[in-house]
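**Student:** Can you look at this prediction? I've put the sequence above it.
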Amino acid sequence: MGAIRALRGTRDILPPEVVYWQQVEQVARGVFARASYQEIRPPIFEQTELFARGIGEATDVVGKEMYTFSDRGDRSITLRPEGTAGVVRAFIEQNLGSQGNVQRLWYTGPMFRYERPQAGRQRQFHQVGAELLGSGSPVADVEVIALATDILRELGLRSLKLDLNSVGNKGDRTRYRQALIDYLTPYQSELDPDSQDRLTRNPLRILDSKDQRTQEITQGAPSILDYLEPESQSHFEQVQQMLTDLDIAYQINPRLVRGLDYYTHTAFEIQSDDLGAQATVCGGGRYDGLVAELGGKETPAVGWAIGMERLILLLQDLQTQSPPSPNFYLVSRGDRAQAQALVLAQKLRYFGFTVELDLSGAAFGKQFKRADRSGAPACLIIGETEAEQQQVNLKWLTSQEQETLTQNELFSRLDQLKAKIG
């Protein structure tokens, strides 16, 4: 029988790459903690209705990209294609807003969409996301944007740009939607097939088309910024002023509408020119109507998600990371020596040292070569003689300095060893 391979659109994240993922997660946790955001872990699959109602049935995500199946109870289940809807469902179901307090939440984990795999985009992909529920203030919009900026800057990314737009409230969008349909209808036959289909269902998505002719047509389309009510305009102006106050550079992009139906007012993307066509690293915005749409009380909210795969590509270009080296590489030969080596390794790990235990039983020469390749500063050696006398040889691999200690002496010098290892 042939070997079983990973499904198209999924990939194994191997140890040399995992160190980048751990770096992102560590930085994100620190930034969120300093801003009093708490982690939430919703399920990976939900009722299909959650995403159909929350994201919008006219979107490509719901119409073409979701992994949906019937379970044994004949319920329609969907692997989550994004994180916000699940967080909002938990917010409502668990009554997180009962005290009237603002909820600052963050999450990380895999998402699933049936898309054409390419660099930085897989069918199983991962996101880090933040959601601030319970505040309609433009301060909340800027707080979440600043958080994303902090994470990316702390990771060392500099060649980034923030695109900003307002998609207004429901009334603003309704008026703009009709103006856009009126403008595009005479060009309907010239639009790409997807855009022709979207013309009456979801015309704002036509502004995202990658088709060259469609892009040429939309260059002359009306701007949603011309259809904002005074309240919406004021909100957008305050967001811009506070970004300026925080020295966060931005550019207004009136074609930025995001792909999900739940957005209102502020929409934004953080992009990198280093990723080619798939330039967006972080995207988000305000979604004041989503909580009510999913059965909760009217609750303003704003949030974003960072695409981990795209971010990792940037980090790999920016820096070289290696898996951490152990403090000790422990070699042994013979049954009794191997048994003692296992006990010694466990004791050292208990005291906070990282220890790689050679399990090969090969000749000492081969084990020493692996010790050199491990990057460990020191090697601990137990042969049959050492095992009989409860001893261990300590060899510093850089200087080749070596000494024989009883195992008790080794443990009496742990503080000294820790200082020397650094």
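**Tutor:** Arrived safely. Residues are numbered from 1 along each chain as shown.

**Student:** send the alpha carbons of the host helix or strand of Gln338 over as CSV?
**Tutor:** According to DSSP states H and E, Gln338 maps onto helix 335-350. This file holds the C-alpha atoms of helix 335-350, laid out as CSV (Å, rounded to 0.1, in the frame of the first residue of the first chain):
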residue,chain,number,x,y,z
ASP,A,335,22.2,-1.5,30.1
ARG,A,336,23.1,-0.4,33.6
ALA,A,337,24.6,2.9,32.3
GLN,A,338,21.5,3.7,30.2
ALA,A,339,19.2,3.1,33.1
GLN,A,340,21.2,5.5,35.3
ALA,A,341,21.4,8.0,32.5
LEU,A,342,17.6,8.1,32.3
VAL,A,343,17.3,8.7,36.0
LEU,A,344,20.0,11.4,35.9
ALA,A,345,18.3,13.1,32.9
GLN,A,346,15.0,13.2,34.7
LYS,A,347,16.5,14.7,37.9
LEU,A,348,18.3,17.4,35.9
ARG,A,349,15.1,18.3,34.1
TYR,A,350,13.3,18.6,37.4
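
**Student:** Now the element after that helix, going C-ward?
**Tutor:** With elements assigned by DSSP H and E, the helix or strand that comes after helix 335-350 is strand 355-357.

**Student:** same question for the helix or strand following that following strand, mean pLDDT?
**Tutor:** Toward the C-terminal end, the helix or strand that comes next after strand 355-357 (DSSP H and E) is helix 364-374. Mean per-residue pLDDT for helix 364-374: 95.

**Student:** Identify all contacting residues around helix 364-374.
**Tutor:** 325-326, 329, 331, 333, 356, 358, 360, 379, 381, 383, 397 (C-beta atoms under 8 Å, 6 or more residues apart in numbering). Every C-beta, even on glycine, is put in place using the N, C-alpha and C of the backbone.

**Student:** run the last query once more with 6 Å
**Tutor:** 326, 329, 331, 356, 358, 379 (C-beta atoms under 6 Å, 6 or more residues apart in numbering).

**Student:** Gln127 belongs to a helix, doesn't it?
**Tutor:** No - counting by DSSP: H, G, I helix; E, B strand; the rest coil, Gln127 is not part of a helix but strand.

**Student:** residues touching it, list them.
**Tutor:** Contact analysis of Gln127 by C-beta under 6 Å, 6+ apart lists 83, 111, 305.

**Student:** Name the member of the residues you listed with the shortest distance to Thr185.
**Tutor:** Closest approach between the contacts of Gln127 and Thr185, by C-beta to C-beta: Ala305, at 33.7 Å.

**Student:** isn't that closest one right next to Gly129, touching?
**Tutor:** Yes - if you go by C-beta atoms under 6 Å, Ala305 and Gly129 touch, sitting 4.0 Å apart.

**Student:** of these two, who's got more company?
**Tutor:** Neighbour count, other C-beta atoms under 10 Å: between Ala305 and Gly129, Gly129 has more, with 25 against 21.

**Student:** okay but Ala378 is in contact with Asn393, surely?
**Tutor:** No - with contact defined as C-beta under 6 Å, Ala378 does not count as touching Asn393 (10.5 Å).

**Student:** Looking at the two, which is more packed in?
**Tutor:** Ala378 (21 against 16).

**Student:** buried ones in the helix ranked longest in the chain?
**Tutor:** Longest helix in the chain by number of residues (criterion: DSSP state H): helix 15-34. For helix 15-34, the neighbour count (16 or more other C-beta atoms under 10 Å) marks 17, 20-21, 23-24, 27-29, 31-32 as buried.

**Student:** same deal with stretch 373-381?
**Tutor:** 374, 376-381.

**Student:** where do the strands sit along the stretch 1-150 of the chain?
**Tutor:** 38-39, 45-47, 67-70, 76-79, 103-112, 124-133 (DSSP state E, counting those that start in this stretch).
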